[in-house]
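Sequence first, predicted model second:
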Amino acid sequence: RDRLWLNGIEEVGAATSKRFRACVDGVKALAQDKKDDDNILIKKEEWKDLKIHVSSYNTFPTAAGLASSAAGYAALVAALTQLMNAEEEYEGQLSTIARQGSGSACRSLYGGFVAWRMGGENNNWSDSLAQQVADENHWPEIRALILVVSDAKKDTSSTAGMSTSVATSKLLKYRATEVVPQRMESIEKAYLEKDFATFGELTMTDSNQFHATCLDTYPPIFYMNDTSRSIIRLVHVYNTWAGEIRAAYTFDAGPNAVIYTLDQYCVEIAALMLHFYPGVAGKEYINNTEFSERVKAHELNADLLAAAVKTGCVPNSVGEVKKIYYTKAGPGPQKLSKEEGIIDPDTGLNTYVPPS
């Protein structure tokens, strides 16, 4: 039987999971002969009868609104594609398979800035796929700070929440037909032109409207919390103080913030967040040591701090943010070395043990 281990624990029933099966069987349908030099090791028609063992782990919170399922299903489809020597019948087909595991997984198959094309003209939705707008090297100055407000599993999953919103939210229907298509054109143009002011404003307004649809859902969905909202206030205070949009927040289906900015402002923004949301003493708080030292050494402007306090933000709120990730646009899925593998090549069993 097919088997799946997630973060070192076997997922019971994974072999019959609709989303897991869609990805495994979808790639199997595109599988080709597996060759070693001139020898055929596995014929393409044999793949359908072979069983798959998958071990996967996340280096960031699982099911907390940080796209762990998107990363996982994209990695699954990418790994199976390499294993089975799968070939697309049309460009973007593999992203349509990943999408059936997790919607955003289709975008995670590519690097850089990626759009999920809605599609719908084809009856089988084969045109609902991902398309790379720009690779990871197009805008090298752009950075992201990810503030983990909660690393706990959220009580409303992305899939369940969206299903309820589709069924009950009139705002979502308007958003999908009247707002999103125009915003997609505008934000792609802004990214390609490296226009951060426009990119930032569109990012924030779209995040706000997404969460408005969550409130318009019945019963309403509350993904953000008080800390999320205080981060929003801080970003707006910072931009007002700077006299321009230098930072842009966005929240997915969870309370955790992603703040986009440019390299020249990243230390200052992180220092502002660190001032109001310091980490617990003795624990790694910012994932990049060199960046962390620069952030700690940065002296914040007194007027900026005074303006932030007026919003009701309280400095030194220890523990309200669990961790800060400093990152930038990267490539799509990468092949790891055999030494980094977490499946025993002899037994086919999981070898990953989560840290205590």
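Noted; the coordinates are in hand.

switch to C-alpha atoms for all contacts and neighbour counts from now on
Noted.

what's the distance between T347 and A75?
Distance, T347 to A75, by CA to CA, to the nearest Å: 22 Å.

ok, the two, which is more surrounded?
Using other CA atoms under 10 Å, the more surrounded residue of T347 and A75 is A75, with 21 against 7.

Could you tell me which residues make contact with that one?
For A75, the contact set (CA atoms under 8 Å, 6 or more residues apart in numbering) comprises 109, 333.

ok so it is a helix residue?
Yes: counting by DSSP: H, G, I helix; E, B strand; the rest coil, A75 is located in a helix.

What separation do you get for it and G103?
Counting by CA to CA, the separation of A75 from G103 is 14 Å.

tally of neighbours for A176?
11.

can you pull out the strands in the stretch 251-356 of the chain?
Applying DSSP state E, counting those that start in this stretch to the stretch 251-356 of the chain gives strands spanning 257-262, 323-327.

highest average neighbour count across these?
Scoring these by mean neighbour count under mean count of other CA atoms under 10 Å gives strand 257-262 as the most buried, with a mean of 23.

residues in contact with that one?
Strand 257-262 has contacts (CA under 8 Å, 6+ apart) with 141-149, 196, 200, 228, 231, 246-251.

Need the buried ones from those selected in PyMOL.
Buried subset of the contacts of strand 257-262, written as a PyMOL selection, criterion 16 or more other CA atoms under 10 Å:
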select buried, resi 142+143+144+145+146+147+148+149+196+200+228+231+246+247+248+249+250+251
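
Report the buried residues of the strand or helix carrying A71.
Assigned by DSSP states H and E, A71 falls within helix 68-84. Using 16+ other CA under 10 Å as the test for burial, helix 68-84 gives 68-81, 84.

Please apply the same query to stretch 338-353.
342-343, 349-350, 352.

Endpoint to endpoint, it covers what distance?
End-to-end span of stretch 338-353 (CA to CA): 17 Å.

next one: that stretch to chain centre, how far?
Counting by CA atoms, centre = their mean, to the nearest Å, stretch 338-353 is centred 26 Å from the centre of its parent chain.

again with stretch 81-94
Distance of stretch 81-94 from its chain centroid, counting by CA atoms, centre = their mean, is 22 Å.

and it, which residues are buried?
Buried, per 16+ other CA under 10 Å, within stretch 81-94: 81, 84-87, 92-94.

Next, L41: secondary structure please.
With three-state DSSP as the basis, the three-state label of L41 is strand.

Is it correct that it is in contact with K34?
Yes: counting by CA atoms under 8 Å, K34 is a contact partner of L41 at 5.4 Å.

so where's this protein shaky on pLDDT?
Low-confidence segments of the chain, defined by pLDDT under 70: 64, 154-155, 316.

could you pull out the helices for the stretch 251-356 of the chain?
Secondary structure of the stretch 251-356 of the chain (DSSP state H, counting those that start in this stretch): helices located at 263-276, 289-297, 302-310.

how about the second one: buried residues?
Which is helix 289-297. Of all the residues in helix 289-297, those buried under the rule 16+ other CA under 10 Å are 292, 295.

Distance-wise, check S17 relative to L202.
36 Å.

what does D195 give?
Distance of D195 to L202, computed by CA to CA: 11 Å.

before we move on, back to that, when L41 and K34 are compared, which one has more neighbours?
K34 (18 against 11).

Could you find the closest non-adjacent residue to the more buried one?
I42 (5.0 Å; CA to CA, 6 or more residues apart in numbering).

So that neighbour is in contact with K35, correct?
Yes: assessed by CA under 8 Å, I42 is found in contact with K35 at 7.1 Å.

quick revisit: dump the helices of the stretch 251-356 of the chain into JSON lines; add distance to K173 as well.
Listed next are those as JSON lines, based on distance: least, CA to CA, whole Å:
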{"stretch": "helix 263-276", "distance to K173": "35"}
{"stretch": "helix 289-297", "distance to K173": "42"}
{"stretch": "helix 302-310", "distance to K173": "36"}
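
Identify whichever of those lies nearest to F222.
Nearest to F222 among these is helix 263-276; the distance by CA to CA comes to 23.0 Å.

contact partners of the closest one?
Under the contact criterion CA under 8 Å, 6+ apart, helix 263-276 has outside partners 141-143, 145, 231, 246-247, 291, 294-296, 298-300, 313-317.

same for the host helix or strand of T205, what does it pack against?
Secondary structure assignment for T205, by DSSP H and E: helix 196-216. Secondary-structure packing of helix 196-216 (3 or more CA pairs under 8 Å, 6 or more residues apart in numbering; DSSP states H and E): helix 158-168, helix 170-174, helix 180-192, strand 247-251.
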